[in-house]
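J.: Next comes the sequence, and after it the predicted model I'd like to discuss.
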Amino acid sequence: MSYRRTPFAPDEHYHCYTRGIDGRTTFKDNEDYERFQASLYVCNDTKPFDRSDFFRISHREIFEKPRKRELVAIGCYSLMPNHFHIGFQELEEGGSSKFLQKLGTSYVMYFNAKYDRVGSLFVGPCRSRHIDSDRYFKRVAQYIHLNVAEILEPTWKKGRVKDMRGLERRIGKYTFSSLRDYVGDFRPERAILNAEIMHLVAGGMPQLSAVLGEAQEYYRKIKFV
């Protein structure tokens with residue numbers, strides 16, 4: 001499997017990720033994180049997104065808004081101060097590119113208006129890694145969820161974790177990751193995840209501690225360029 005940006009194809013699974021230009025912070029406060037979560041839901045639709053929704057209705061109500069048809073089936077995500085990760089399956093030809101383009105446009109317009117700036121925010125198009133089996137996608141979902149350990153345990157990618165059980169508890173409580181939706185928290189943001197692919201991921205998803213070493217190696221190979 002390649003670590004470069006790969007072509008998308010219907011019914012295939014992908015891990016997509018990108019970071020802020022020059023490593024800049026892309027989520028400065030909770031409002032920014034919540035806006036991106038809302039965009040994950042609103043922009044994953046075959047019909048154009050209506051920017052006025054973000055001003056007319058509450059954050060909770062965003063996730064109750066009916067959609068025509070999803071472009072991709074999102075199975076997991078994790079948002080970090082200067083980058084994000086999303087795991088999904090393409091549902092229709094060209095759906096992944098349409099979704100990522102809408103998502104980027106929506107969030108960058110919001111961010112630039114809020115912070116009085118112009119220009120690009122993220123590094124080029126999202127990089128992607130093709131995940132070639134359902135079984136491996138379950139593991140990658142946990143790799144994505146583990147990414148927040150970078151904040152909670154800065155040395156985890158070097159194999160040093162002081163308290164693994166404590167780390168797992170804190171990761172499970174992280175608001176801006178889909179793991180909370182897998183550990184039983186019923187919240188509006190759960191609507192971001194596709195029910196069918198969520199069922200796939202949840203079935204036999206390995207414990208975080210069981211994939212810690214694999215995740216360290218996985219992230220060492222991913223290149224943010």
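T.: Good, I have the coordinates. Residues are numbered from 1 along each chain as shown.
J.: Please make it C-alpha for all contacts and neighbour counts, starting now.
T.: Noted.
J.: Name the residues that touch stretch 158-171?
T.: The contact list for stretch 158-171 (CA atoms under 8 Å, 6 or more residues apart in numbering) reads 145-146, 148-149, 152-153, 155, 179, 208-209, 213, 216.
J.: biggest helix in this structure by residues?
T.: helix 95-114 (DSSP state H).
J.: The next helix or strand after that one pairs with which strands?
T.: Counting by DSSP states H and E, the next helix or strand C-terminal to helix 95-114 is strand 127-131. Taking DSSP bridges as the criterion, strand 127-131 forms sheet pairs with strand 13-19 (antiparallel).
J.: Determine the angle, from 0 to 180 degrees, between the partner strand and helix 95-114.
T.: Angle of strand 13-19 versus helix 95-114, following axes from the mean of the first three to the mean of the last three CA atoms, to 10 degrees, is 20 degrees.
J.: any idea which helix or strand comes after strand 13-19?
T.: Heading C-terminal from strand 13-19, the first helix or strand you meet, by DSSP H and E, is helix 30-42.
J.: mean confidence for the longest helix of the chain?
T.: Taken as a whole, helix 95-114 carries a mean pLDDT of 95.
J.: do the same with stretch 54-68
T.: 92.
J.: Flag the helix or strand of this protein with the lowest per-element mean pLDDT.
T.: When each helix and strand of the chain is scored by mean pLDDT, DSSP states H and E, helix 212-221 comes last, with a mean of 81.
J.: which parts of it are buried?
T.: 212, 215-216 (16 or more other CA atoms under 10 Å).
J.: about what we covered before: alpha carbons of the longest helix of the chain, as PDB, please.
T.: Listed next in PDB are the C-alpha coordinates belonging to helix 95-114 (Å, rounded to 0.1, in the frame of the first residue of the first chain):
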ATOM      1  CA  GLY A  95     -17.500  11.200  -3.900                       C
ATOM      2  CA  SER A  96     -14.300  11.400  -1.900                       C
ATOM      3  CA  SER A  97     -12.900  14.300  -3.900                       C
ATOM      4  CA  LYS A  98     -16.200  16.100  -3.700                       C
ATOM      5  CA  PHE A  99     -16.500  15.600   0.000                       C
ATOM      6  CA  LEU A 100     -12.900  16.700   0.800                       C
ATOM      7  CA  GLN A 101     -13.200  19.800  -1.500                       C
ATOM      8  CA  LYS A 102     -16.400  20.900   0.200                       C
ATOM      9  CA  LEU A 103     -15.000  20.200   3.600                       C
ATOM     10  CA  GLY A 104     -11.900  22.200   3.000                       C
ATOM     11  CA  THR A 105     -13.700  25.100   1.400                       C
ATOM     12  CA  SER A 106     -16.300  25.300   4.200                       C
ATOM     13  CA  TYR A 107     -13.800  25.300   7.000                       C
ATOM     14  CA  VAL A 108     -11.200  27.600   5.400                       C
ATOM     15  CA  MET A 109     -13.800  30.200   4.600                       C
ATOM     16  CA  TYR A 110     -15.000  30.100   8.300                       C
ATOM     17  CA  PHE A 111     -11.400  30.200   9.700                       C
ATOM     18  CA  ASN A 112     -10.300  33.000   7.400                       C
ATOM     19  CA  ALA A 113     -13.300  35.100   8.200                       C
ATOM     20  CA  LYS A 114     -13.000  34.500  12.000                       C
END
